[in-house]
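J.: model the structure of this input:
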Amino acid sequence: MGRFEVRPLREGDVAVIADGMRLSDKQEIWAASRLLPYEGLWLAAKKSPLLWVGTWDGTPIGMAGCFPGGLLGGVGYPWQLATEEIERAALPYLRTVRNYMKTVKSSYSLLVNWVDARNETSVKWMKWLGFKIEDPAPYGIDGLPFHYAWMRGEKNESSGNP
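T.: A predicted model of the protein is given here:
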């Protein structure tokens with residue numbers, strides 16, 4: 001039995017995760033943006049003030065975060081990309097991820113993203129987290145079917161709180 005831990009990003013993590021990234025995640029990044037795994041992961045990491053790396057026995061196996069967006073603010077774009085090894089850590093990962101989602105939800109009034117309809121694992125994960133999953137529609141450079149996924153956050157924009 002291995003050990004799952006969450007920690008901040010360290011030098012080399014992006015390369016390790018990109019090199020072992022799940023095929024479904026690679027396909028999703030490419031279809032949406034024409035980016036390679038390293039490019040997509042690095043860009044998402046750079047834009048995300050909320051960012052975590054999941055490790056299994058000390059080896060990075062996934063990264064998740066959320067970056068701000070939207071013209072009026074209050075909108076967050078949560079994301080997660082992983083290696084095949086995430087399957088070995090599925091139970092501890094699922095137990096841990098809900099705590100991190102509390103932080104993400106408290107930081108934004110609305111969470112949105114698009115998930116490749118072919119990426120059934122990610123669609124199930126987002127449903128489990130509580131996202132509403134819309135019917136697939138063309139999205140990204142290839143215009144492939146993607147689900148729009150959204151969830152209300154807990155940040156009250158009218159209160160003036162940061």
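J.: run through this protein and note the low-pLDDT ranges.
T.: Scanning the chain for pLDDT under 70 picks out 1, 71, 157-162.
J.: apply 80 and report the result again.
T.: The model of the chain has pLDDT under 80 over residues 1, 70-73, 156-162.
J.: need the strands for it, in chain order.
T.: 4-7, 50-56, 59-69, 75-82, 110-116, 132-133, 137-139, 144-152 (DSSP state E).
J.: centre of the chain to the longest helix seen in the chain, how far?
T.: What stands out as the longest helix in the chain, according to DSSP state H, is helix 90-107. Put simply, helix 90-107 sits 11 Å off its chain's centre (Cα atoms, centre = their mean, to the nearest Å).
J.: work out which residue lies at the spatial centre of this protein.
T.: By Cα atoms, centre = their mean, the chain has its centre lying nearest to Trp79, at 1.7 Å.
J.: ok, now which ones touch the closest residue to that one other than its chain neighbours?
T.: Spatial nearest neighbour of Trp79, excluding adjacent residues (Cβ to Cβ, 6 or more residues apart in numbering): Ala44 at 5.4 Å. Yep, even glycine has a C-beta here, placed from its N, CA and C like the rest. Shown in contact with Ala44 (Cβ atoms under 8 Å, 6 or more residues apart in numbering): Met63, Gly65, Phe67, Trp79, Leu81.
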